[in-house]
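Peer 1: can you look at this prediction? I've put the sequence above it.
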Amino acid sequence: MILSREAILGNVDIKTETVSCPSWGGDVIIRGLTAGERDKYEQSLYKTRQNGRNFEVIPQKENIRAKLVQLCAVDESGKRLFEPGDIESLSARNASTMDKLYEVAQRLSGLGTADMDELEKN
């Protein structure tokens, strides 16, 4: 079946998954990123700096998990749980729990290991 513009734009295709977080005493809903959010997230992982006539790309991997969880953790209505100012606080949470949430957010957002490696190369 060939989709129409209306069918594509009217389709709710962002998936969510509820993740059990026993160390936090409950569950967290993780929502996949939109294409635009993913672009912004990927941009946040790199900074450019002018070096004479050339530009240098510098990876910004600090709080990489907390940044993604901040963007993807939502409440039952789909509203984000955390603001950008919460990234430092999130990075101080249990590493195992954050890793579990990060992996789900990666999967739902189409960010696999190969994608992260490709970003690193570019």
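Peer 2: Received the coordinates, thanks. Numbers count the residues shown, from 1 in each chain.
Peer 1: buried set for the longest helix seen in the chain?
Peer 2: Assignment by DSSP state H gives helix 95-108 as the longest helix of the chain. If you call a residue buried by 16 or more other Cβ atoms under 10 Å, then helix 95-108 has these buried ones: 97-98, 100-102, 104-106, 108. Every residue, glycine included, has its C-beta placed from N, CA and C.
Peer 1: ok, the residues you listed vs S89, which is closest?
Peer 2: Distances from S89 to the buried residues of helix 95-108, taken as Cβ to Cβ, are shortest for M98 (11.4 Å).
Peer 1: surely that closest one touches I64?
Peer 2: No - using Cβ atoms under 8 Å, M98 makes no contact with I64, being 10.2 Å away.
Peer 1: quick check: F82 touching L68?
Peer 2: No - contact criterion Cβ under 8 Å: F82 and L68 do not qualify, at 10.9 Å.
Peer 1: which of the residues in stretch 80-97 are buried?
Peer 2: 82, 87, 90-91, 93, 97.
Peer 1: and stretch 44-52, by the same measure?
Peer 2: L45.
Peer 1: how about stretch 24-43?
Peer 2: Quick answer for stretch 24-43 (16+ other Cβ under 10 Å): 28-33, 38, 41-42.
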